[in-house]
Every structure is written in C-alpha cells, then in structure tokens.
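Asker: pasted the sequence and its predicted model underneath.
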Protein chains: 2
Amino acid sequence: MSEDENARHTEKMKKIKAARDRMMATKTEEKGLIIVHTGTGKGKSSSGFGMIMRCIAHGMPCAVVQFIKGAWPTGEGTFLRERFAAECRFFVSGEGFTWETQDRERDIAAAQNGWEIAKTQILDPEVQFVLLDEINIALRYDYLDIDDVVGFLLEQKPPMTHVCLTGRNAKPELIEAADLITDMTLVKHPFREGVKAQKGVEF
Amino acid sequence: MSEDENARHTEKMKKIKAARDRMMATKTEEKGLIIVHTGTGKGKSSSGFGMIMRCIAHGMPCAVVQFIKGAWPTGEGTFLRERFAAECRFFVSGEGFTWETQDRERDIAAAQNGWEIAKTQILDPEVQFVLLDEINIALRYDYLDIDDVVGFLLEQKPPMTHVCLTGRNAKPELIEAADLITDMTLVKHPFREGVKAQKGVEF
C-alpha cells in the first residue's frame, strides 16, 4: 500500500471504531427481556440451556420449566438436577410429544400445570432468568392460551426478570411482544442421510 | 371437545406416531458430525456452550477453543475453567475483535495458534467433541486458510469425533462440507432500542 492508501486505511479504521464506540454508548438501558428461540433448525433448546449455565456461572438464580420433552430423560435435565439443584430450579410438565401420548386432555392438563409453575417462578423475586422450554409447542396446539401467556409476560413479569421461550412456530402475538428473537433456520441436517440423534449433539 | 373430536384427534396422532416411528427406524447410523452455527442472530456460541455442557453431563470428554472472544472474560469461560477443568479443556487464542486490536499480524498469529491447538484436540482420541468458537470470523478475514481447515476436517478428523464451528458468515466451502448447519437468523434485537448487552443473556 502507498503512504496515501495507508493513511486512508488508518482513517477508515478510526472512523469504524469511533462509530462503534458512539453506537455502544447509546446502549445504556438494562431490562428483563422476553427472549424467543424459534424456527425449524437446531439450537433452540441447547442455546436456552447455554444461557441457564451462564446464569449459574454468574450466580444468578434461575429456573427451567420443560413443557414437552419431559417424558424422556435429557442430559441437561439430569445434570441440572444432580449438580445444580441449589442454583437452578428444574420442573417438568409435559409427558412427551403429543404423538407419543395420544391423549389431548392429558397434554392440556400437563401444559396448564407447567404454566402455573412458570408464573410462580417468574413472579418469584429471587429468580432472575426463567427458561420455558418448548412452550411454543403447547401454544401452537392451543394447550395454553396465547393471550393469557403474552398478557402475563407484558403486565406481570417483574421488570428485571428475563424469560426465554423456545420451540418452533412461535405465535405472531409472542413475536410482537418479544424483545429478542432468533429464528434457528435449518440449513442441513444429518437425519436426511440416515444419521440418528446422538448423545451430546441432540440430547 | 366432543367425544367425536377426541376420537379424531387420537386417530390423527396414531398416524403421526406410526409415520414418525417408520422415519426414525431408518436413522441408524452414528458418526462424528461437522456442525456449523452461523447467521447474524443470537445463540451461535450459547448453543455450542449448551452442547459442551451436555457432553459434560454425559461424561464425554470435550474441548473448547475460543478464536476471537478471548480478550474479554465470559461467564462460560470462567465457569468451565473453575468447575469443569477435568471434563473440558478450555483454550483461548484470539485477543478480541479486530477493530479493537487494529493489528492484523497479531490477529493472524493468534488465529493460527488457535488452529494448531484445535487440530491437536480433534486428533486426540480421548476427546469426543470440540467446539471452535468464532472460528468463522478468523476464516472470513483469511486469518486461516479455508481449504486447510475443511481439508483437515474431512480427511483427518477421527470418524466419531464431533466438531462444532461457530460464527457469522460461514464460508461456502465449510457449508458444503458440514453435516448439520443452523443459521441463527436475527428477527428482533433489543440493541436497536438502546438496551445494552446483559449478564446471563449475551455473556
């Protein structure tokens, strides 16, 4: 590069850094977020679980309510219960995916029981982060009323408490209400090539 | 619901379950996967960290190499080093984002040092899962050669070892080689409303 080009490059880098510093200086607010992980790709629950582990790492008391996957033991569930019972409260409401139980009434009762637990945890001033794992499935099938759930989050959630809701097909009302939304988009999945779900990756 | 509706629901769920069982019966293969988390949304690193915690939960020895974020302490890094040093090996290669260091040569040296560590961990028969956090940033800026990395993963990775590569702008060569790819797509982010990065959520 010529001296001229070098000078321009340095000027450009300085401008980028200054713009970034100005941008970050406007980010001063702290608030409890409504976080949504949706989409058909992998990572919705494992990212929620990653945030729970972060909370534990920071000494932030947290809670997990599993709405659907409760029927089968997951690595993270056992781990949280055995190793971090003091740091994270862990609840299971569902009995498995609905095509496993084939009993709509029982699924509805389980989802509603889960939602009662969820509300208690969200309202508890001790708890700073609540993960509602796969609640979107219960909302999609109308096992829970979307207006009840969104209304509670907007009106009764303590201002500094974070709530993370996971599961594909997040309802538009929830998308509208949420602060931070990620769509985990499936690009390629080994199921298509006959590879089964594996320890450490899927569960 | 009427009895009729309930019966229809049960019939429908039975069909779904049968189809799902047939589908799952074809998924018999186990193999070490090349996993990619990319996209501009949240959850790429936290989902990788969630998988690391799953591996620890299952007693699968694992390793993390952080390529870019090393300059600032993260909840998960401290946590892994303090609580799970025996289960997970944790390495840091990068010194921060490039507009902070403004020293390309030092960034390249750090990335290449990280890649040497990564190769050693991947080749180690003890290690079953390796997370290469933010390596896509190093690849994007050509701090690492994409053909070297993809060639190594396809030709030298032990068949049962999982490797997860995270970071936005994954290169097409890596997308082509990977088994399991998720694009974390940004739908809404509170930065836009002046909310800063918060403990437990972003770090």
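Answerer: Alright, I've got the coordinates.

Asker: mind listing the helices for chain A?
Answerer: A:3-25, A:44-57, A:75-83, A:98-101, A:104-123, A:135-140, A:146-155, A:172-177 (DSSP state H).

Asker: got the ones you listed as CSV, with mean pLDDT, distance to chain B and mean neighbour count columns?
Answerer: In short, each C-beta sits where N, CA and C put it, glycine included. Formatted as CSV, the helices of chain A follow (pLDDT from 0 to 100; distance: least, C-beta to the nearest C-beta, whole Å; neighbours: other C-beta atoms under 10 Å in any protein chain shown):
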stretch, mean pLDDT, distance to chain B, mean neighbour count
helix A:3-25, 69, 5, 11
helix A:44-57, 88, 3, 27
helix A:75-83, 85, 3, 18
helix A:98-101, 62, 4, 19
helix A:104-123, 93, 5, 19
helix A:135-140, 93, 13, 24
helix A:146-155, 96, 15, 15
helix A:172-177, 93, 7, 14
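
Asker: can you list the domain ranges for chain A.
Answerer: When chain A is parsed with automatic domain parsing, its domains come out as A:1-30, A:31-193.

Asker: check which strands are paired with the longest strand seen in chain A and give the direction for each one.
Answerer: What stands out as the longest strand in chain A, according to DSSP state E, is strand A:180-188. Strands adjacent to strand A:180-188 in the sheet, as given by DSSP bridges, are strand A:34-38 (parallel), strand B:180-188 (antiparallel).

Asker: in that strand, what counts as buried?
Answerer: By neighbour count on 16 or more other C-beta atoms under 10 Å in any protein chain shown, the buried set for strand A:180-188 is A:180-185, A:187-188.

Asker: now find how far off-centre that strand is within its chain.
Answerer: Distance of strand A:180-188 from its chain centroid, counting by C-alpha atoms, centre = their mean, to the nearest Å, is 12 Å.

Asker: before we move on, the earlier item: dump the domains of chain A to a markdown table, plus distance to B:Ala111.
Answerer: A markdown table is the format used below for these (distance: least, C-beta to C-beta, whole Å):
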| stretch | distance to B:Ala111 |
| --- | --- |
| domain A:1-30 | 19 |
| domain A:31-193 | 24 |
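
Asker: for the nearest residue in space to A:Leu153 that is not next to it in sequence, which residues are in contact?
Answerer: Once flanking residues are discounted, A:Leu153 sits nearest to A:Ile34: 5.5 Å by C-beta to C-beta, 6 or more residues apart in numbering or on different chains. A:Ile34 makes contacts with A:153, A:157, A:163, A:165, A:177-180, as judged by C-beta atoms under 8 Å, 6 or more residues apart in numbering or on different chains.

Asker: same thing with A:Arg168?
Answerer: Counting by C-beta under 8 Å, 6+ apart, A:Arg168 makes contact with A:38-40, A:44, A:136-137, A:140.

Asker: same thing with A:Glu173?
Answerer: Listed by C-beta under 8 Å, 6+ apart, the contact set of A:Glu173 reads A:146-147, A:150.

Asker: ok, now A:Lys171?
Answerer: A:Lys171 makes contacts with A:136, A:139-140, A:146, as judged by C-beta under 8 Å, 6+ apart.

Asker: same question, A:Lys199
Answerer: By C-beta under 8 Å, 6+ apart, the neighbours of A:Lys199 are A:75, B:54, B:58, B:60.

Asker: and which of the residues you listed is nearest to B:Leu80?
Answerer: B:Arg54 (13.3 Å; C-beta to C-beta).

Asker: okay, the contacts of A:Lys199 in JSON lines with distance to B:Glu5 next?
Answerer: Shown next, in JSON lines, are these (distance: C-beta to C-beta, whole Å):
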{"residue": "A:Gly75", "distance to B:Glu5": "37"}
{"residue": "B:Arg54", "distance to B:Glu5": "39"}
{"residue": "B:His58", "distance to B:Glu5": "42"}
{"residue": "B:Met60", "distance to B:Glu5": "45"}
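
Asker: so which of the residues you listed is the closest to B:Glu30?
Answerer: Comparing the contacts of A:Lys199 against B:Glu30 with C-beta to C-beta picks out B:Met60 as the nearest, at 13.0 Å.

Asker: from chain A, how far out is the closest one?
Answerer: B:Met60 sits 5 Å away from chain A, going by C-beta to the nearest C-beta, to the nearest Å.

Asker: wait, isn't that residue in contact with A:Gly200?
Answerer: Yes. Contact between B:Met60 and A:Gly200 holds when scored by C-beta atoms under 8 Å: they sit 5.1 Å apart.

Asker: so for the two, which sits in the more crowded spot?
Answerer: When neighbours are counted by other C-beta atoms under 10 Å in any protein chain shown, A:Gly200 comes out ahead of the other of B:Met60 and A:Gly200, with 22 against 18.

Asker: isn't A:Lys157 up against A:Gly32?
Answerer: Yes. If you go by C-beta under 8 Å, A:Lys157 and A:Gly32 touch, sitting 6.5 Å apart.

Asker: need the residues touching each of these two.
Answerer: In contact with both A:Lys157 and A:Gly32: A:Val163, using C-beta under 8 Å, 6+ apart.

Asker: so who does A:Met51 touch?
Answerer: Each residue near A:Met51 by C-beta under 8 Å, 6+ apart is listed here: A:35, A:129, A:131, A:164, B:46, B:200-201.

Asker: of these, which one scores lowest on pLDDT?
Answerer: Lowest in pLDDT among the contacts of A:Met51 is B:Gly200, which has 71.

Asker: who are the contact partners of that residue?
Answerer: By C-beta under 8 Å, 6+ apart, the contact list for B:Gly200 reads A:51, A:54-55, A:58, A:60, A:62, A:128-129, A:162, B:75.

Asker: who's in contact with the closest residue to it other than its chain neighbours?
Answerer: Leaving aside its sequence neighbours, B:Gly200 sits nearest to A:Cys55 (C-beta to C-beta, 6+ apart; 4.4 Å). A:Cys55 is in contact with A:61-62, A:87-88, A:128-129, B:200, counting by C-beta under 8 Å, 6+ apart.
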